[in-house]
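Colleague: structure, please.
(chains A and B)
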Amino acid sequence: MKANTFRYVGLITLALALAGCASGPGGGSIYVPAGGASSRDEAPEPPQTSDRDEEPRVERKSEQPEEPARQQEYSSPSYQDEGDALSPAARSLIQRADSLMAAGDTQAAVAQLERAQRIAPRSAQVYFKLSEAYVAMDQLGSAEQFTLKGLSLAGSDSSLQRAGWLLLADIRRARGNVAGADQAEARAGAL
Amino acid sequence: MTCLTDGWIGYNPAMKKSASPRKSPKKSNRKGKNARKPWFWPLFFRVFFIGVVLLAGWMVYLDAVVTSRFEGRRFEVPSRVYARPLELYDGASVSSGALQRELELSGYRAGDGSRAGTYRRNGGHFNISTRGFLFTDGLEPRRRLSLTIYGDRVQDFRVLSGDTSPIVRLEPAQIGGIYPAHKEDRVLVQLDEVPELFTDTLLAVEDRNFHDHFGIAPLSIARAMLANIQAGRIVQGGSTLTQQLVKNFFLTREQTLLRKGNEALMSLLLELHYEKEDILETYLNEVYLGQAGTRAIHGFGLASQFYFGESIRDIGAHQVALLVGMVKGPSYYNPRRHPERALSRRNLVIDVMAETGLMSEEDAARARAQPLGVTDRASYSENRYPAYIDLVRRHLARDYKQEDLQSEGLRIFTTLDPAIQYAAEFSVKDMLSRMEGSSDTPLESALVVTSRDSGEVLALVGGRDPQYAGFNRALDARRPIGSLIKPFIYLTALQQPDRYNLITPVEDKGFSLVFDDGRRWEPKNYDGEERGLVPLHEALSKSYNFPAVRVGLDVGIDEVKSTLEGFGVTSGISEYPSMLLGSVAMTPVTVAQIYQGLATSGFNTPLRTIRQVTDAEGEALSRYSLKVDQVADPAAVHLVQYVMQETMQEGTGRSVYRTVPRELTLAGKTGTTDDGRDSWFAGFSGDLLAVSWVGRDDNGPTSLTGATGALPVWSRFMSQVPQHGFSPVVPDGVEYHWVNPAEGALTDEHCNNARLVPFITGSEPDREISCGGNLERRVRGWFEGLFQ
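Modeller: Just a heads-up that it's a prediction; the model follows:
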């Protein structure tokens, strides 16, 4: 059944590969160390000269940042068009999960994917992979939910969107939700 | 040296078969008494017969005791509770201080960083030599790692030796245990896991003839007795290992003759029934080796962990000698309290090892030169996070029986993040003592921190004193949530995009409701003001009461209730209109659960404290996997998230940026109940969701609001933790437009009052207004457009 129904699972791997190349500027949440001074996720960190304090920072009143000049920069609610790119570490865990899946140890693959999810929780790919693993375990309800979660993070990345909608179509069809499957397929087709 | 300990003194095996306890009563039969009176013999036989019967009966009883207890031989092994393992990789979020604390919590020692279980820190640079750990999803082998921490992130992560990998898990720190009532703690070991040198040394010191005797060593007893008589008190015992085991296993500690007799009889019975190996293995696990608070350290398996932070398989000869030496008096020779005594005792054992040929004289000299090798602090400590463990226990209770948890040696892998717990405890303690001021009744607080996208509970504070294991406010304080309910009211409304968007005018004007029974309800604004028509986003970010109630009544209380139920509230939602101002009571953990769905674009993620439970051998018993469940339209949730960010920038939560750097984008909501009885704050960043509550245990009034009580605790916490800002991905079906909210119309980016607001596609206004004469701005905009 799986071989026939799940025509599009391979697309995720493709989408993963593409997403690796496609992540341009603007992607990635902003990382803020406890002392401030943010950085984009993928930008290299400038070395800091001083070792950060080990005890929780206690600010006196006079030290409280009052910076109306910088306020403008951050004054409107933040959003982004794409989810975060996968870090090499998360990528390696997904590769590990792939080989575990290939070896038939889906449970262990899920454990690796959950590790990947914890370190890359805003990457659509991780959720699509989890969905794939749940498809392999024939837990299609969970698979559908992970696909939806992945889609919520795919943003404007059309290759990820397409992979997600096609996966969703597969899963819905296997669950007997033909209308939902057609709808998902149409979404993929429109991209 | 001669009376090194109880029973190693030589004993003649030739005597082995000669002694039988049953014969002993016969010894009272003496020659030369035949001439006694005629009644003597019948009486003698009668008494003798009764004696034999009684003794036989007693033996049968003892035999039953020995076999039933030993047959089961089921030690009650407490369950071990572990923190989440720290993942190290390039980009991992951790500060130098937090990494060092984490290493210490896992029993690492500062050292050369090349011996397993040591680390070396030089500023932000770390060399770590891991011990390896068998996770159920695979082995993390021993490795030597090198990494640098810049800006609270791992950089230049390298595996210097061992299997290379871009990501490595440290061994999880043990953070507690679930102990049986008698508080005996142990880590079971099997005989074949214990190094031969260890058992050989143990026998050389405690019982050299263990393999030859049959439970007791009469010659040793005789010698010991002699020594005791000479000394006038008990200075020496002649006990074999078997007798020591029997004494610990079945008998009290008192030194009476009767007990000694029973001990001998039971030792014989034990040897009769069981193999030497079984007896030795049981001894290894039973022997008492120290105390940690109320917890008793039993068995060499745990003792090795407890004193050296290492498995008994991995300890060196000098450590073997120390553990064996401690059997004689675990508190007298406690190496942490009495290092000199312990050292001389250890060296005495090393002497024996050399004498008996267990090690060469050179090795012995080398071993004597070693320090004790004891960790500063027991890595297997008492529960230091009682509130968190409390929640773990409640989650475990769904699937496990209490007695199994106390006795089966289960391993419970939790989601606790020690660095985050540390920051959470610090923030509660610090802010509450600042807030208290003149109030007589102490303020109390609770803080729950979860991982935003996985629902894992990372930290839990149940009160000001985190070590106090009593009332756990995070789980058990059910308090009205006040304005924390408002996002759910507006979410319910925004799910009807044909009726509501973020700039829909809503009325901030008082009114009263009259019920059928004649009662009236007149909600009030916190500041007592009325503002007339305000855009919906402002009504929420400034937390006005009238619009919330009006919108709630308009969409229907039952609809709001069903939204809340979708997000995970299971009971206790009243359908009385006052619920729209948060009269519904919840615990901080429940609030964290329902805000999880708001934080993750409408995906409910059940809160978890446990990733996995395994048996003592590491075989998985249950997994608690990540689950997500879409309960709301991501587009509508995105609009609410927008306003919750606005709340932090311009609304009731704006004081957060006095403490937190501006670039950390956050979203949240304040909550206050009547007379400041409850001060709430619930909010999230890109990584974390946290809910804080401040109030009094007697439910008395305070001068606090959500913004002055719970928010400072929350802000202080957020400022301690390196993390990603909140920046949600725009979901399908949402478009951002520049609008003039007051006019309810699309406008130009460069106009006054222009605001970039998300709309569910099709719900944006049709009308467009220009800036109305602000030529300068329009020209500037035109030029900017030209050169972009």
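Colleague: care to break chain B down by domain?
Modeller: B:13-27+B:40-74+B:179-369, B:85-171, B:479-676, B:734-787 (automatic domain parsing).
Colleague: what's across from residue B:533 in the sheet?
Modeller: Going by DSSP bridges, residue B:533 is paired in beta bridges with residue B:507.
Colleague: list the contacts of it.
Modeller: By Cβ atoms under 8 Å, 6 or more residues apart in numbering or on different chains, the contact set of residue B:533 is B:505-508. All C-beta spots, glycine's among them, are computed from the backbone N, C-alpha and C.
Colleague: could you dump these to TSV with distance to residue B:656?
Modeller: Shown next, in TSV, are the contacts of residue B:533 (distance: Cβ to Cβ, whole Å):
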residue	distance to residue B:656
B:505	28
B:506	25
B:507	29
B:508	24
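Colleague: rebuild the domains of chain B as TSV, extending it with mean pLDDT.
Modeller: Listed next are the domains of chain B as TSV, based on pLDDT from 0 to 100:
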stretch	mean pLDDT
domain B:13-27+B:40-74+B:179-369	83
domain B:85-171	93
domain B:479-676	94
domain B:734-787	80
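Colleague: for the contacts of residue B:533, which one is nearest chain A?
Modeller: Of all the contacts of residue B:533, residue B:506 has the smallest distance to chain A: 19.3 Å, by Cβ to the nearest Cβ.
Colleague: and the closest residue to that closest one other than its chain neighbours, what element?
Modeller: Distances taken as Cβ to Cβ, 6 or more residues apart in numbering or on different chains place residue B:547 nearest to residue B:506, at 3.8 Å, with adjacent residues excluded. For residue B:547, the host element (DSSP states H and E) is helix B:545-555.
Colleague: centre of the chain versus that helix, how much separation?
Modeller: Here helix B:545-555 is found 42 Å from its chain centre; the criterion is Cα atoms, centre = their mean, to the nearest Å.
Colleague: tell me the first helix or strand C-terminal of that helix.
Modeller: helix B:557-566.
Colleague: that next one versus helix B:545-555: what angle between them?
Modeller: 100 degrees (axes from the mean of the first three to the mean of the last three Cα atoms, to 10 degrees).
Colleague: ok, helix B:557-566 near chain A or not?
Modeller: No. Helix B:557-566 stays clear of chain A (Cβ under 8 Å from any Cβ of the partner chain), getting no nearer than 14.0 Å.
Colleague: just stretch B:155-174 next, same as before
Modeller: Yes. Remark: stretch B:155-174 sits within contact range of chain A at B:155, B:165-167, by Cβ under 8 Å from any Cβ.
Colleague: what's the most distant pair in the residues you listed?
Modeller: Greatest spacing in these, by Cβ to Cβ: B:155 and B:165 (16.5 Å).
Colleague: got any ranges where the stretch 351-500 of chain B has weak pLDDT?
Modeller: Filtered on pLDDT under 70, the stretch 351-500 of chain B yields the residue ranges B:377-382, B:437-440.
Colleague: how about 90 then?
Modeller: B:373-384, B:386, B:398, B:401-409, B:433-442, B:465-470 (pLDDT under 90).
Colleague: which residues of it fall in helices?
Modeller: B:361-369, B:386-396, B:402-407, B:418-435, B:473-476, B:486-494 (DSSP state H, counting those that start in this stretch).
Colleague: could you dump these into TSV and include distance to chain A and mean neighbour count?
Modeller: Below are the helices of the stretch 351-500 of chain B laid out as TSV (distance: least, Cβ to the nearest Cβ, whole Å; neighbours: other Cβ atoms under 10 Å in any protein chain shown):
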stretch	distance to chain A	mean neighbour count
helix B:361-369	34	14
helix B:386-396	17	22
helix B:402-407	23	16
helix B:418-435	5	21
helix B:473-476	20	21
helix B:486-494	14	28
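Colleague: the ones you listed: which one's closest to residue A:111?
Modeller: Shortest separation from residue A:111 across these is recorded for helix B:386-396, at 18.8 Å, computed as Cβ to Cβ.
Colleague: quick check: angle from that closest one to helix B:418-435?
Modeller: Using the same axes, to 10 degrees: helix B:386-396 against helix B:418-435 is 130 degrees.
Colleague: which elements pack onto helix B:386-396?
Modeller: strand B:174-178, strand B:411-414, strand B:457-461, helix B:473-476, strand B:610-614 (3 or more Cβ pairs under 8 Å, 6 or more residues apart in numbering or on different chains; DSSP states H and E).
Colleague: the same query, at a cut-off of 7 Å, please.
Modeller: If you count contacts as 3 or more Cβ pairs under 7 Å, 6 or more residues apart in numbering or on different chains; DSSP states H and E, helix B:386-396 packs onto strand B:411-414, strand B:457-461, helix B:473-476, strand B:610-614.
Colleague: only C-alpha atoms, please: export it in CSV.
Modeller: Coordinates of the C-alpha atoms in helix B:386-396 are reproduced here as CSV (Å, rounded to 0.1, in the frame of the first residue of the first chain):
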residue,chain,number,x,y,z
PRO,B,386,11.4,18.9,44.4
ALA,B,387,8.7,20.9,42.5
TYR,B,388,9.8,19.6,39.1
ILE,B,389,10.1,16.0,40.4
ASP,B,390,6.6,16.4,41.8
LEU,B,391,5.3,17.0,38.3
VAL,B,392,7.4,14.1,37.0
ARG,B,393,5.8,11.8,39.6
ARG,B,394,2.3,12.9,38.6
HIS,B,395,3.1,12.2,35.0
LEU,B,396,4.6,8.8,35.9
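Colleague: please report the distance of the nearest residue to residue A:82 once chain neighbours are set aside from residue B:563.
Modeller: Nearest non-adjacent residue to residue A:82, counting by Cβ to Cβ, 6+ apart: residue A:155, 4.1 Å away. According to Cβ to Cβ, to the nearest Å, residue A:155 stands 25 Å off from residue B:563.
Colleague: can you check residue A:176 too?
Modeller: In terms of Cβ to Cβ, residue A:176 sits 28 Å off from residue B:563.
Colleague: and the most centrally placed residue in chain B, how close does it get to chain A?
Modeller: Residue closest to the average C-alpha location in chain B (Cα atoms, centre = their mean): residue B:175, at 4.6 Å. Counting by Cβ to the nearest Cβ, to the nearest Å, the gap from residue B:175 to chain A is 18 Å.
Colleague: hey, which of the helices and strands packed on helix B:386-396 is tucked in deepest?
Modeller: Mean neighbour count (mean count of other Cβ atoms under 10 Å in any protein chain shown) peaks for strand B:457-461 among these, with a mean of 29.
Colleague: that strand near chain A anywhere?
Modeller: No. Judged by Cβ under 7 Å from any Cβ of the partner chain, strand B:457-461 stays clear of chain A, getting no closer than 10.6 Å.
Colleague: just give the strands next to that strand in its sheet, each with its orientation.
Modeller: strand B:444-451 (antiparallel).
Colleague: which residues touch the helix holding residue B:547?
Modeller: Here helix B:545-555 makes contact (Cβ atoms under 7 Å, 6 or more residues apart in numbering or on different chains) with B:486, B:489-490, B:492-493, B:506-510, B:523-526, B:534, B:539, B:560, B:577, B:580-581.
Colleague: make it 6 Å
Modeller: Contact with helix B:545-555 is made by B:486, B:489, B:492-493, B:506-509, B:523, B:525, B:539, B:560, B:580-581, as judged by Cβ atoms under 6 Å, 6 or more residues apart in numbering or on different chains.
Colleague: ok, stretch B:277-297 next?
Modeller: Here stretch B:277-297 makes contact (Cβ under 6 Å, 6+ apart) with B:75, B:183-186, B:188-189, B:191, B:241-242, B:245, B:248, B:298-300, B:303, B:306, B:326-327, B:330, B:378, B:382.
Colleague: what about that stretch, how long is it end to end?
Modeller: Start and end residues of stretch B:277-297 are separated by 22 Å (Cα to Cα, to the nearest Å).
Colleague: then stretch B:250-264?
Modeller: Stretch B:250-264: ends 12 Å apart by Cα to Cα.
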